[in-house]
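Novice: A structural model of the following input is requested.
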Amino acid sequence: MSLRRRWLPILLAGVFVVAMVALSGILRCPEVLFPETAAILCGAWIQPSQAWNVDRRRMIGLMCAGSVFGLAVNLLLPWPLWLRAPLGYLFCAVAMNVVGADMTPMLSAAILPMVLGTREWAYPVAVTTIVCLVCLGQVKLERLGLREKIDYRTFRLAPREAFVAWGRRLLVFCVLACPAFATGNAYLAVPPLLVAYTELTRPDMTLRLRPRRTWCTLALAALVGCAARNAVEYLHAPAWLVAIFAFAALVLVWDRLHVWMPPAGALMLLAFLAPWPGPWTYFVEATIGAAVWVLVAVYLFPGIRPGVAGAPAEKP
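Specialist: Modelled structure (predicted):
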């Protein structure tokens with residue numbers, strides 16, 4: 001994908017992200033800052049064709065349902081995070097299969113409020129509003145010829161096939177994420193990494209052929225977000241101003257590595273919102289977590305793999 005040809009959608013996405021960060025600060029409402037926005041903008045605006053097999057109506061519905069479910073679990077079930085998070089993953093898996101659409105950012109919408117302990121209804125309102133605005137912008141970009149029209153095709157796995165595929169994903173999720181949550185190391189399994197893991201388990205996901213670059217993209221996105229948050233915390237720079245440079249750096253990471261992976265945007269933006277235990281904890285744990293989730297998705301799930309069954313090896 002050419003950075004030069006996509007400069008206008010990239011610029012508009014950057015303005016959207018910075019405006020969201022600024023509005024969150026003006027309103028003193030952290031719920032307005034939804035990290036997955038950067039990922040959805042990448043997949044719905046920046047990339048020429050949509051990154052997920054979903055139409056706009058289902059996109060809005062799934063994201064709204066995920067955010068409401070995540071908040072409701074927080075309010076109704078006083079369980080530890082390691083028990084609540086699998087419920088969010090299971091709910092999203094069922095919902096996507098029921099409506100016949102692939103909208104993996106829904107996982108972040110459901111699990112993020114559990115990780116952050118969100119208890120305000122402003123969260124699902126903000127998520128739904130943001131996704132609606134993204135969809136409206138997408139319509140305008142299509143009319144201007146700046147992106148392809150959505151080619152959504154309903155798909156539903158057979159009950160047995162869906163149970164096996166999602167059951168395996170959920171099992172790995174519980175084995176890896178739940179201990180991280182239980183031991184207080186949530187940054188090893190932050191929602192953007194869970195979204196990346198789920199997308200990479202798809203057998204036809206081409207990024208499975210480039211696991212090193214995929215990991216580097218996620219790690220550098222975490223580094224950019226961590227540096228940006230440090231600027232806010234220790235230099236007392238305005239968050240909206242820092243967000244400008246952070247988004248620009250993120251775009252350079254995407255472009256230079258040729259891996260326009262939406263979850264990297266969410267990983268960068270989440271650093272603005274996550275509790276801050278130290279200057280580099282987020283980067284270190286997210287980088288380690290990214291390595292684990294990428295390796296698990298590529299080598300424990302069936303599908304195309306570098307250097308296997310005639311698949312091309314990853315280029316340096």
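Novice: from now on I want contacts and neighbour counts done on CA atoms only, so please keep to that.
Specialist: OK.
Novice: mind listing the helices for the stretch 101-250 of the chain?
Specialist: 105-116, 122-143, 159-182, 191-200, 211-234, 239-257 (DSSP state H, counting those that start in this stretch).
Novice: in the fifth one, what's buried?
Specialist: Meaning helix 211-234. Buried positions in helix 211-234, judged by neighbour count with 16 or more other CA atoms under 10 Å: 211-232.
Novice: now tabulate the helices of the stretch 101-250 of the chain in TSV and tack on mean pLDDT.
Specialist: What follows is these, written out as TSV (pLDDT from 0 to 100):
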stretch	mean pLDDT
helix 105-116	97
helix 122-143	97
helix 159-182	94
helix 191-200	97
helix 211-234	97
helix 239-257	97
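Novice: so which of the ones you listed is nearest L77?
Specialist: helix 105-116 (10.6 Å; CA to CA).
Novice: quick one: distance of stretch 23-37 to the chain centre.
Specialist: Distance, stretch centre to chain centre, for stretch 23-37: 16 Å (CA atoms, centre = their mean, to the nearest Å).
Novice: what residues of that stretch count as buried?
Specialist: 23-25, 30-37.
Novice: endpoint to endpoint, that stretch covers what distance?
Specialist: 14 Å (CA to CA, to the nearest Å).
Novice: run through who's touching it.
Specialist: Contact with stretch 23-37 is made by 17, 20-21, 105, 108-109, 118, 120, 122-123, 126-127, 130-131, 192, 239, 263, 265-270, 273, as judged by CA atoms under 8 Å, 6 or more residues apart in numbering.
Novice: and for stretch 254-264?
Specialist: Here stretch 254-264 has contacts from 1, 3, 36, 38-43, 47, 192-193, 195-196, 207, 213-214, 217-218, 221-222, using CA under 8 Å, 6+ apart.
Novice: and P192, what is it in contact with?
Specialist: Residues in contact with P192 (CA under 8 Å, 6+ apart) are 36, 105, 108, 263-264, 266-267.
Novice: ok, those residues vs I60, which is closest?
Specialist: Distance to I60, by CA to CA, is smallest for P105 among the contacts of P192, at 11.2 Å.
Novice: columns distance to L87 on top of the helices of the stretch 101-250 of the chain, output as JSON lines?
Specialist: Converted to JSON lines, the helices of the stretch 101-250 of the chain look like this (distance: least, CA to CA, whole Å):
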{"stretch": "helix 105-116", "distance to L87": "9"}
{"stretch": "helix 122-143", "distance to L87": "17"}
{"stretch": "helix 159-182", "distance to L87": "10"}
{"stretch": "helix 191-200", "distance to L87": "14"}
{"stretch": "helix 211-234", "distance to L87": "25"}
{"stretch": "helix 239-257", "distance to L87": "31"}
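Novice: and of the ones you listed, who's closest to P86?
Specialist: Here helix 159-182 is closest among these (CA to CA), at 6.7 Å.
Novice: go through that closest one and flag the buried ones.
Specialist: Buried residues in helix 159-182, counted by 16+ other CA under 10 Å: 166, 169-170, 172-174, 176-181.
Novice: next one: stretch 124-133
Specialist: Those would be 124, 126-128, 130-132, for stretch 124-133 by 16+ other CA under 10 Å.
Novice: reformat those residues as JSON lines; add distance to A101.
Specialist: Converted to JSON lines, the buried residues of stretch 124-133 look like this (distance: CA to CA, whole Å):
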{"residue": "P124", "distance to A101": "20"}
{"residue": "A126", "distance to A101": "22"}
{"residue": "V127", "distance to A101": "19"}
{"residue": "T128", "distance to A101": "17"}
{"residue": "I130", "distance to A101": "20"}
{"residue": "V131", "distance to A101": "16"}
{"residue": "C132", "distance to A101": "17"}
